[in-house]
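**Student:** based on what follows, work out the 3D shape:
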Amino acid sequence: MGKYTPNYNDLEVVPDLMTSTGRTARENVRIEEGRQRVVAELSTWLLAKKVNHDGKKYCREDSRQILNELGFRILGEESDLFYSVEPPKGWERSTEGYWTKVIDENKRERIQQFYKGAFYDREAFLNISLLEKETKC
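**Tutor:** Prediction:
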């Protein structure tokens, strides 16, 4: 299971004012944090289907090939945003707010995943840190 640290440790600092979503800002943050926590703490890893940056350039392509090259096993499509994956042995993840860091067996940060699960603005993508021998998009 991944480690999750919320954006806001104290929701009292978030204004309790109505927004255009029909909810207060505090309610929106509570919902968003809940969605991020679910993705972060699932025993099955969820990684974004979209690559934003491959270590050399912005590519905005499907992540399946590069995840396979990094040693992940794609288990299936979890949603329109995520693949469910099995990580390489020894890899770990931790999430802080919108960002998840994926660390390899040598403690190198290899992937940063952005995920925003708000119903009005859903987005997920990966930024990959490649080693010299690995392929780019």
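**Student:** please count neighbours and contacts with C-alpha atoms only from this point.
**Tutor:** Will do.
**Student:** mind listing the strands in the chain by residue range?
**Tutor:** Per DSSP state E, the chain carries strands over the ranges 3-5, 45-48, 50-53, 58-62, 73-77, 82-86, 92-96, 99-103, 109-118, 121-128.
**Student:** most tightly surrounded among these?
**Tutor:** strand 45-48 (a mean of 26; mean count of other CA atoms under 10 Å).
**Student:** and it, what does it pack against?
**Tutor:** strand 82-86, strand 121-128 (3 or more CA pairs under 8 Å, 6 or more residues apart in numbering; DSSP states H and E).
**Student:** which of the strands of the chain sits closest to residue 17?
**Tutor:** With CA to CA, the closest approach to residue 17 among the strands of the chain belongs to strand 109-118: 17.4 Å.
**Student:** ok, back up a step: dump the helices and strands packed on strand 45-48 into a markdown table; add distance to residue 94 and mean pLDDT as well.
**Tutor:** Below are the helices and strands packed on strand 45-48 laid out as a markdown table (distance: least, CA to CA, whole Å; pLDDT from 0 to 100):
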| stretch | distance to residue 94 | mean pLDDT |
| --- | --- | --- |
| strand 82-86 | 15 | 97 |
| strand 121-128 | 14 | 91 |
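**Student:** nearest to residue 52, of those?
**Tutor:** Across the helices and strands packed on strand 45-48, residue 52 has its closest neighbour in strand 121-128 (5.5 Å, CA to CA).
**Student:** and the angle for the closest one with strand 58-62?
**Tutor:** Orientation of strand 121-128 against strand 58-62 (axes from the mean of the first three to the mean of the last three CA atoms, to 10 degrees) gives an angle of 110 degrees.
**Student:** angle of strand 121-128 against strand 109-118?
**Tutor:** 180 degrees.
**Student:** give me the low-pLDDT residue ranges for the protein?
**Tutor:** By pLDDT under 70, the weakly predicted segments of the chain are 1-4, 6-11, 54-56, 132-137.
**Student:** for this structure, longest helix please?
**Tutor:** helix 25-41 (DSSP state H).
**Student:** tell me what angle that one forms with strand 92-96.
**Tutor:** Interaxial angle, helix 25-41 versus strand 92-96 (the same axes, to 10 degrees): 180 degrees.
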